[in-house]
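Colleague: need a structure here:
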Amino acid sequence: MASSPSSRTRTTLTLVFALVTGLVLGWSGSGPGPAANPLKSTRDRLALLYSTQFNFTRDGEPLIHAGVLSGVDEVRFSSDGPLRIVPIGEGATEISVDVAGTHTVKIEEGRPGTYRHWVVVDRIPYSQVDRRDASVDAWVERGYLPTTIEVGGLFAIGSRRFDSRAVLVGVGGYDDRDEAINLAERLTARYGIETELHSEILTFPGGNLVLTGKGLKGKVRQADLLWVAPASQDQELTLETSRGDRRYKGALVFTADAAGHLSVVNAVPTETFLKGVVPSEVYASAPIESLKAQAVAARGTLLSAIGVRHLGDPYLLCSDVHCQMYEGLSRETARTNQAVDETRGVLMLEPGSAARSAHIADARYSSSCGGHTEDNDKVWGDLPQSYLRGGQDADSSLGASFDHGVTDANVKDWLGTDVKAWCNTSRYGGAKTFRWTKTVDADTLQAYFDRHFRVGRITDARIDKRGVSGRVIKMTFVGDKGTVVLDRELSIRRAFDGLRSSLFTMTIDRDSQGNPRRFAFVGGGFGHGAGMCQTGAMMMAHAGKSYSDILTHYYQGVTLERLY
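Modeller: So this is what the prediction gives:
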C-alpha cells in the first residue's frame, strides 16, 4: 500500500533532519538565540511538530518532544518567572509576560484527525528487508492480509551517522482505532507477540486554542498550535494534572490530540528528559555505577525510538511505560541526576559499527534474570543479535552442568541450587525475585482461555521448548474442543495469571477424573531475561565494577561513545 502524503513527508524530514538545526523549540540556551525560522504559517509549524525531525540545542544536544498530557479540554499551568508566549513557535511573533503567575489553556471547536490504524506484528531493520516477504507470507498463512510500511531514517548526532530505518509489517488498516486495539489484544493473546499500533495520519486534528492568565490584558487566541516557554532555561513550568502537579523545564506546546481534545507536549533537551526517566526505572539508592549503566541504556532506548514510534501524534515519544515513564522534574533525585550528568552524551553502539555509520544498541533489560540471561530471538521471535545472547550472570562458571544453558534435563537442579549469580542477593529486592513459587487454580487458566480461545475445557498443559536460560518459550494447551500452542514467554506468563517469568518447573494437581485442579510453579527471575539484569547490575556495581564493565557484561561486543 502506498504511503499517505503525511507519511512520505515524515520520512523525508527524517532523512534530512541532520542538516536542519534552526528551530530550537522554546529552549533558551547560552549564546545568541536561534535565527528566525522561515516556517511562518501555522500549517507549516504543525507539520514540523508531527515530523520525525530532530532539533538541537546550541551545544549539539538533541531536543525531545514528549507528550505529557492529552484527552482534556482545559488545562492550567504556572510559571515561576517571566513567560514567553510564542503562538506558532520560535522565530515568529511573541508576547512577553513579565510576572510569574497561573494561566489556563482551553481548546474550542476541537476537531479530530483522520487516520488509518495498523497493528504492527513485525519490525524488520532496513538492512534485513529480505525478511519482509517471509514475514508477510507467515501472516497470510494465519489468515491476514498484511501490508508493509517504511519508517525511520538516517540521522546524525555529533560525528556519527545513524540508521533507524525499519519496515513494519502491519495488519488491519482500520479507520476506527478501537478496532485496531481489539485486534492487537487478540494477536498478543494468541501469538504472544509485542504488538503496537502504527497510525497513518491522513488529516491533522485541530481546534482553537485560547490562553488566559496573569499578566495578560485579554485572551490569546491561536488556531491549532500554541507555544509557551520560560524566559530563561533556569525557570520551570508547572502543569496541573489529575495525578498531581508536574514540573517541567523547556517549552510547553499546546495542540489538538487525535480526538480533537487538548494535547500538551514538553519540548526538552535529551539529558533533562533522562533525568525524569531514570528514577522510574531503577532504585535511586542503587550504586552509582549501576545508575550510570541504566542512564546509558535509557539514552539509547530514547534516541533509537525517534522516527519509528508515535508517527500519528504531535510528539516523538509518550511519557508512560509504552515509551519511557517521564514525569518531568517531579521524580528527579540527586543521585540519578549525577548518573545522567556523568554519562552525558554516551551511547552504546552495536558491534561492528563503522567509523562514521552506526546502529544504537537495543538496550533491553529486565528486573532479574534468575541467574541466566536469555537470547533475544527466543523472547520476541526477531533475528538473533550477537550482543543479546543469553549467558550465566557471573564472571565465572556457575557449574559445569550449566555451561551450555539451562535445559529440561537440568532446570530442576538449576532452580534448586544456590548458584552464586550476581542477581542472587538479598539486596535490592533480589531475594523475592531470584527464586519464587506460585500456585494457579485451573479456573484462572480456564478463564484466560475462555476469553481468548475456543478450545473448551482445558485438560492438559505441557512444556514443549525452553530457551537457553531455561525459560519456557513454547507450551501446548489441550482442551476438550481443541488445542492451542503458545510460543512466546509473555503469552505463557499471562495465561498463568502473570507469572514473574517463564523460567519455571510445573506440576499439575489433578482431580479423580484426571482434570487439572491447580498448577504449582517453582520459578526464577522477574521479566523476560534478555539484556541487562537490573538486580545483577546493582550487585556488580556494589562489587566495584564500572558502568562500562556492567554494560559490556550484559551486551557482548558493544562499544560506548560520547557523542555530545
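Colleague: per-residue pLDDT, residue 217?
Modeller: In the prediction, the pLDDT value recorded for residue 217 is 88.
Colleague: list the contacts of it.
Modeller: Contacts of residue 217 were listed using CB atoms under 8 Å, 6 or more residues apart in numbering, and none were found. From N, CA and C alone the C-beta is placed, and that goes for glycine too.
Colleague: and the pLDDT at residue 171?
Modeller: What the model reports for residue 171 is a pLDDT of 97.
Colleague: partners of the helix or strand containing it in the sheet?
Modeller: When elements are assigned from DSSP states H and E, residue 171 belongs to strand 166-174. Strands that pair with strand 166-174, judged by DSSP bridges, come out as strand 114-125 (antiparallel), strand 147-151 (antiparallel).
Colleague: now the first one: buried residues?
Modeller: I take that to be strand 114-125. Neighbour-count burial for strand 114-125, counted by 16 or more other CB atoms under 10 Å, picks out 115-125.
Colleague: got JSON lines for the residues you listed, with distance to residue 519 and pLDDT too?
Modeller: Putting the buried residues of strand 114-125 into JSON lines (distance: CB to CB, whole Å; pLDDT from 0 to 100) gives the following:
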{"residue": "115", "distance to residue 519": "42", "pLDDT": "95"}
{"residue": "116", "distance to residue 519": "42", "pLDDT": "96"}
{"residue": "117", "distance to residue 519": "37", "pLDDT": "96"}
{"residue": "118", "distance to residue 519": "36", "pLDDT": "96"}
{"residue": "119", "distance to residue 519": "31", "pLDDT": "97"}
{"residue": "120", "distance to residue 519": "32", "pLDDT": "95"}
{"residue": "121", "distance to residue 519": "29", "pLDDT": "94"}
{"residue": "122", "distance to residue 519": "31", "pLDDT": "92"}
{"residue": "123", "distance to residue 519": "33", "pLDDT": "89"}
{"residue": "124", "distance to residue 519": "36", "pLDDT": "89"}
{"residue": "125", "distance to residue 519": "38", "pLDDT": "81"}
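Colleague: returning to what we had before: so which of the strands paired with strand 166-174 comes closest to residue 172?
Modeller: strand 114-125 (4.7 Å; CB to CB).
Colleague: which SSE is immediately downstream of the closest one?
Modeller: Toward the C-terminus from strand 114-125 - assigned by DSSP H and E - lies helix 131-141.
Colleague: picking up where we left off before, of all the strands paired with strand 166-174, which one is nearest residue 237?
Modeller: Residue 237 lies closest, by CB to CB, to one member of these: strand 114-125, at 29.8 Å.
Colleague: how about the CA coordinates for that closest one, as CSV?
Modeller: Output of strand 114-125 as CSV, limited to C-alpha atoms (Å, rounded to 0.1, in the frame of the first residue of the first chain):
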residue,chain,number,x,y,z
THR,A,114,-8.4,11.1,10.4
TYR,A,115,-6.2,8.1,10.4
ARG,A,116,-5.6,4.6,9.2
HIS,A,117,-4.6,2.3,12.1
TRP,A,118,-2.4,-0.8,11.6
VAL,A,119,-1.4,-3.4,14.2
VAL,A,120,2.4,-3.9,13.8
VAL,A,121,3.2,-7.6,14.0
ASP,A,122,6.8,-7.5,12.9
ARG,A,123,9.5,-4.8,12.8
ILE,A,124,12.4,-5.5,10.4
PRO,A,125,15.6,-3.5,10.2
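Colleague: let me know the angle separating that strand from helix 131-141.
Modeller: For strand 114-125 against helix 131-141, the angle between stretch directions is 120 degrees (axes from the mean of the first three to the mean of the last three CA atoms, to 10 degrees).
Colleague: with that, I have no additional questions.
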